[in-house]
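> Curious how this folds, go ahead:
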Amino acid sequence: MFGFYSITPFSLLLLLFVSTLALSASRSDDEAHSKTAMLADVLSSFDNVGSLADVLSSFDNVGSLAPGFRPKPADAPTPLAGFYSTAHKKYKVPEMDVTNKHITVFYPTGYDASTTPPFRLLAYAHGYGGGGIQTAPAYWEMCTALASFGYVVTLHHSCDLGCTKGDGKRGFDDYYKEQLKAIDFVSGMVSEGGDPAFANLDFEAGVGVVGHSMGGQATLFSSAYNASSHNIKAAVYHYAWTKDFPVPTVPFLSMTSVYDDEADAETMGRAIFNIEGTENLSRGIVSTSDFGHHEADILGFNPLVPQFTAAWMKVLMEGTMEQDGVSFEEMIFGSGVSSICGGGDGDVDKDMCEIVDMR
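All right, here's what the predicted structure looks like:
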């Protein structure tokens, strides 16, 4: 989840404001300025927060955006740069839950359509408290990075603290259906044609699903219940919070952390990996030793997570082993220093890093 904290749009903006004042010894001044500029740019694209973006852009020596969370290790591996520039568009989609009707789509730009391989779709599900106005700022870095590797990424804003139910209350039992609705939305946009966000998308080749925390549970449900109906080919669960363990039917990667105090690595992350009935699937688990529950969002973003998420999708969804000198197969199934269990994802718990290749 984005947190068990009750994060409202106002409280998140306040948190972001206070966060920018925290210094981090592991970041250079250039990195700090870059982070501040990114945040100001993100906030300025949303309604009623322009003034805050202006305030943030005036601060110097701004470091960590994650006060109170484990500091980023200074010797962490350098993240891979993606292959493409990116852009984003926000759509209002009537079929989404009444809590919020918007979907933000991140997509690659600056490519030559005559020589560029078709892109594939990833449907990303936010965590608890990560919906509404805070959705795109919270997952901006994640979705932008994923798009840079050649993916069209949907990020729905609905169901911040749960989806509406018939009794007027909110819950997450059917939250996964928002992820499926996002896939349906893209299907319709592709059929209509004319939108540059989907111009190079091969929708018919299949899609991937990814989600964080409560969105990780949603992704687990989507990959278990609706893989066939929505042509889902692979899944990645980012620090999934769940107490239900349906059987996925597609290759999946469970990413967790020994320092996750919200979605326990053993009873949730490993439990997903060990779901009975997945023995014939390619699957993986990786538990980092340097980060925590918020590796996927702005509160503790780990810039290594997108590249291994993309690598999983490249190999298991697309069958792309290598691109532009990057061996995705080595990143996932190799044992070298660039591999997910060999050091490429930073310090990992060796007892909870395992990749099963059933291709």
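
> Okay, now the unreliable bits of the stretch 51-200 of the chain?
Residues of the stretch 51-200 of the chain that meet the criterion pLDDT under 70 lie in 51-74.

> show me where the stretch 201-350 of the chain has strands.
For the stretch 201-350 of the chain, the strands identified by DSSP state E, counting those that start in this stretch occupy 207-212, 232-238, 252-257, 283-288, 322-323, 326-327, 348-356, in order along the chain.

> so the first one versus strand 232-238, what angle?
Here strand 207-212 points in a direction 10 degrees away from that of strand 232-238 (axes from the mean of the first three to the mean of the last three CA atoms, to 10 degrees).

> Which neighbouring elements make contact with strand 207-212?
With contacts defined as 3 or more CB pairs under 8 Å, 6 or more residues apart in numbering; DSSP states H and E, the secondary structure elements packing on strand 207-212 are strand 120-125, helix 135-148, helix 176-192, helix 214-225, strand 232-238. Using the backbone N, CA and C atoms, a C-beta is placed for each residue, glycine as well.

> what do you get for the fourth one?
Judged by 3+ CB pairs under 8 Å, 6+ apart, the packing partners of strand 283-288 are strand 252-257, helix 271-273, strand 348-356.

> Report the buried residues of it.
Using 16 or more other CB atoms under 10 Å as the burial criterion, the residues of strand 283-288 that qualify are 283, 284, 285, 286, 287, 288.

> what pairs with that strand, and is each one parallel or antiparallel?
Paired with strand 283-288 in the same sheet, following DSSP bridges, are strand 252-257 (parallel), strand 348-356 (antiparallel).

> about what we covered before: now tabulate the buried residues of strand 283-288 in JSON lines and tack on pLDDT.
JSON lines is the format used below for these (pLDDT from 0 to 100):
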{"residue": "283", "pLDDT": "98"}
{"residue": "284", "pLDDT": "98"}
{"residue": "285", "pLDDT": "98"}
{"residue": "286", "pLDDT": "96"}
{"residue": "287", "pLDDT": "94"}
{"residue": "288", "pLDDT": "88"}
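
> Out of these, which is nearest to residue 353?
In terms of CB to CB, no member of these lies closer to residue 353 than residue 286, at 4.9 Å.

> hang on, that closest one packs against residue 350?
No: using CB atoms under 8 Å, residue 286 and residue 350 do not qualify as a contacting pair, with a distance of 10.5 Å.

> Perfect, I'm done here.
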